[in-house]
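Enquirer: Can you look at this prediction? I've put the sequence above it.
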Amino acid sequence: MSIRKLFLLDGSGALLTALMLVLVLPKLDLLTGIDPDMITVMVLIAFLLAAMSLTFFFTYNQQSYKVLQVIGISNLLYSGIIVVVLLVYGSSMKPLSMTYFILEGLVVALLGLVEIRKHKKVSAYLG
């Protein structure tokens, strides 16, 4: 997958995450038991990651690959936040909520690893 496509995938996914946390999950009552401040933090991080990735998608140049590692690490850290949410609030979460957060954490972590790997590959190729 090209670096530019990774930026688009990452940005779109982060935007989808933020919208799910703001619009969909509350309507399905799937955020019950989670501190609203934690959800706000997650939404802000998701919007920030979306803005960063989509900015690099639209302004892509040969040097854009350098930020891919930062975005990948950010995704791994966001997955860590999801693990914390599951550990702290898991006992009061609905099974469907837990499933959503587990799957999201896995997808975001996988994307982060792909981004870091791509950065290393391009860095090694360019010297």
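Expert: Happy to help now that I have it. Numbers count the residues shown, from 1 in each chain.

Enquirer: need the helices for the chain, in chain order.
Expert: Using DSSP state H, the helices of the chain run over 3-19, 25-27, 36-58, 68-89, 95-126.

Enquirer: Run through who's touching the third one.
Expert: If I follow you right, that is helix 36-58. Under the contact criterion CB atoms under 8 Å, 6 or more residues apart in numbering, helix 36-58 has outside partners 4, 7-8, 10-12, 14-15, 17-18, 21-22, 31, 64, 67, 71, 74-75, 78, 81, 85, 89. In short, each C-beta sits where N, CA and C put it, glycine included.

Enquirer: Now it: buried residues?
Expert: 39, 42-43, 45-47, 49-50, 52-54, 56-57 (16 or more other CB atoms under 10 Å).

Enquirer: The shortest one too?
Expert: Neighbour-count burial for helix 25-27 flags Leu25 (criterion: 16+ other CB under 10 Å).

Enquirer: again, but for the last one
Expert: Of all the residues in helix 95-126, those buried under the rule 16+ other CB under 10 Å are 97-98, 100-101, 104-105, 108-109, 111-112, 114-116, 118-119, 122.

Enquirer: re earlier: save the helices of the chain as a markdown table, and put in mean pLDDT too.
Expert: As requested, these are exported to a markdown table (pLDDT from 0 to 100):
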| stretch | mean pLDDT |
| --- | --- |
| helix 3-19 | 97 |
| helix 25-27 | 93 |
| helix 36-58 | 96 |
| helix 68-89 | 96 |
| helix 95-126 | 95 |
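
Enquirer: Done for today, thanks.
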